[in-house]
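Asker: Dropping a prediction and its sequence here:
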Amino acid sequence: MERYNEITNKNQREIVLLQGRPCAWGKCVFCDYIADNSKDKDAMVRLNHEVLSRVTGKYGVLEVINSGSCFELPEETLEEIRNLIHEKKIQKLFFEAHWMYRHQLQRMREYMGIPIIFKIGVETFDKTFREEYLNKHADFDSPEEVRKSFDSPCLMVGIKGQTKEMIDYDIRMLKTHFELGTVNVFTNNSTDVKRDQELVDWFMQKYADLLEDPSVEVLYEKTDFGVGD
């Protein structure tokens, strides 16, 4: 599994895929990504140290992801990231966290001591689809509510049961309320959730301009950031 890469097109940065404890929620019906975790803290710390040793700081920006939220990384790894920030003169950090951690974001910002762009897996702003089908356990009512805590939503498109109207609304809310965002095109995996290829084709045609939009990253394959497998 590749755990380090450089993103050189939009928002240039280094990105690392680290290992943390099992996702605190872990019940989203579409997700099998959460398998990359461990309960062996020493093994996680060693693996994460090996990955972080590849960071050069060349862009001054680092994104750290894991199969869950940044708050599930070992304390030793978080401390190593903080030290790396100073050693490599990193000026901006990207982290991801579940909605349940929204009240802890400021504490992490203070701990790291630099601006953090917090991503959140929204998947959709349609609450019924998000909660009753996707089972996200993120019961916010509006994008404005998300924006109070998080900086960059991650949307998902191309799921059977989703509609064009849902996607239109999601993209409109992304562009209206957030400066940055990610759109993940759903890929079939080991779960029972299935890709709607007709919907994907429609999205890629209608929203082709997003591929050139510097504020939105469209991931057609789950490995488009160059990490994972």
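Answerer: All right, it came through fine.
Asker: switch to C-alpha atoms for all contacts and neighbour counts from now on
Answerer: Fine.
Asker: Quick check: the gap between Val61 and Ile90.
Answerer: From Val61 over to Ile90 the distance is 6 Å, taken as CA to CA, to the nearest Å.
Asker: which neighbours do these two share?
Answerer: Listed as contacting both Val61 and Ile90 by CA atoms under 8 Å, 6 or more residues apart in numbering is no residue at all.
Asker: Show residues contacting the helix or strand hosting His49.
Answerer: Using DSSP states H and E, His49 sits within helix 41-52. For helix 41-52, the surrounding residues in contact (CA under 8 Å, 6+ apart) are 3-4, 16-20, 38, 74, 76-77, 80-81.
Asker: Longest strand of the chain, counting residues only.
Answerer: In the chain, ranked by residue count with DSSP state E as the criterion, the top strand is strand 116-123.
Asker: Neighbouring strands - and their directions - for it?
Answerer: Here strand 116-123 has these sheet partners by DSSP bridges: strand 92-96 (parallel), strand 152-157 (parallel).
Asker: what's the following helix or strand after the last one?
Answerer: In other words, strand 152-157. Once strand 152-157 ends, the next helix or strand along the chain (criterion: DSSP H and E) is helix 164-177.
Asker: what comes up buried for that next one?
Answerer: Using 16 or more other CA atoms under 10 Å as the test for burial, helix 164-177 gives 167, 170-171, 173-174.
Asker: Buried only: go through the contacts of helix 41-52 for me.
Answerer: Using 16+ other CA under 10 Å as the burial test, the contacts of helix 41-52 include 3-4, 16-20, 74, 76-77, 80-81 as buried.
Asker: how far does the helix holding His49 sit from the chain's center?
Answerer: Offset of helix 41-52 from its chain centre (CA atoms, centre = their mean, to the nearest Å): 20 Å.
Asker: Show the subsequent helix or strand relative to it.
Answerer: Counting by DSSP H and E, the element after helix 41-52 in chain order, helix or strand, is strand 61-65.
Asker: from the contacts of helix 41-52, which has minimum pLDDT?
Answerer: Lowest pLDDT of those: Ser38, 91.
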